[in-house]
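Asks: Got a sequence here, can you model it:
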Amino acid sequence: MSLADRIQQQFNDSAQAKLAALAAMAAPIEAAARRMAACLQDGGKVMACGNGGSAADSQHFAAELVNRFEKERPPLAAIALTTDTSTLTSIANDYRYEDVFAKQVQALGRPGDLLLAISTSGNSPNVIEAIHAAHARSVGVVALTGKQGGKIAALLGADDIHLCVPAERTARIQEIHLLTIHCLCDGIDALILGETP
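Replies: This next block holds a predicted model:
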């Protein structure tokens, strides 16, 4: 297969994966956007965490809320738990790497806040610990996963929301995670700005 053919295949595979995910994910994405908008309007905040590409997605999501997505509006309260290197490295050094997000949720989370927990496999130990910490603090969870949700799927309670990409390939899952984040940001803005019921 030529390089040009490989590129064409990447685009085709991505488009097909996104269309396949739409039916499974549209309703839970709407539920998550409504939950996040209500949290933010009630004075709460959304914390986000993940590893690698999912860490970048956490930061992207928080930036879109704190600054803006596509429309002008007041800043919204969001924190990426992946950005403070002194906090991350001190927790990893003094305790365990599995605790780097959980201890921040314990410190910052308040009842009514939300945690956006991102893991392509659904098996990231530090994201799992953050979910446990969120539940202990009465912080709701929106889990963004793939590969059938992994271990995270079994941890979620009735009030949590699971956004699980129906795909196995990490690249495709990550691409749909980014689209999902943009859908969440757009939905939050539309609800807060009164553009949609």
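Asks: Send over the lengthiest strand in the chain as PDB, restricted to the C-alpha atoms.
Replies: Ordering each strand of the chain by length in residues (DSSP state E) puts strand 140-146 first. The C-alpha trace of strand 140-146 is given here as PDB (Å, rounded to 0.1, in the frame of the first residue of the first chain):
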ATOM      1  CA  GLY A 140     -20.300  13.400  39.900                       C
ATOM      2  CA  VAL A 141     -18.300  11.600  37.100                       C
ATOM      3  CA  VAL A 142     -18.500  11.800  33.400                       C
ATOM      4  CA  ALA A 143     -16.200   9.100  32.000                       C
ATOM      5  CA  LEU A 144     -14.900   9.300  28.500                       C
ATOM      6  CA  THR A 145     -13.500   5.900  27.400                       C
ATOM      7  CA  GLY A 146     -13.300   3.400  24.600                       C
END
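Asks: Return the distance of it from the chain's centre.
Replies: Remark: strand 140-146 is offset 6 Å from the chain centroid, using Cα atoms, centre = their mean, to the nearest Å.
Asks: Pull out the buried positions in it.
Replies: Buried residues in strand 140-146, counting neighbours by 16 or more other Cβ atoms under 10 Å, are found at G140, V141, V142, A143, L144, T145, G146. Bear in mind the C-beta positions are built from the backbone N, C-alpha and C, glycine included.
Asks: Mind putting those residues into CSV with pLDDT and distance to M36?
Replies: Output for the buried residues of strand 140-146, formatted as CSV (pLDDT from 0 to 100; distance: Cβ to Cβ, whole Å):
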residue, pLDDT, distance to M36
G140, 98, 9
V141, 98, 12
V142, 98, 7
A143, 98, 13
L144, 98, 12
T145, 98, 17
G146, 97, 20
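Asks: re earlier: who are the packing partners of the longest strand of the chain?
Replies: helix 3-41, strand 114-118, helix 125-136, helix 150-155, strand 161-165, helix 170-192 (3 or more Cβ pairs under 8 Å, 6 or more residues apart in numbering; DSSP states H and E).
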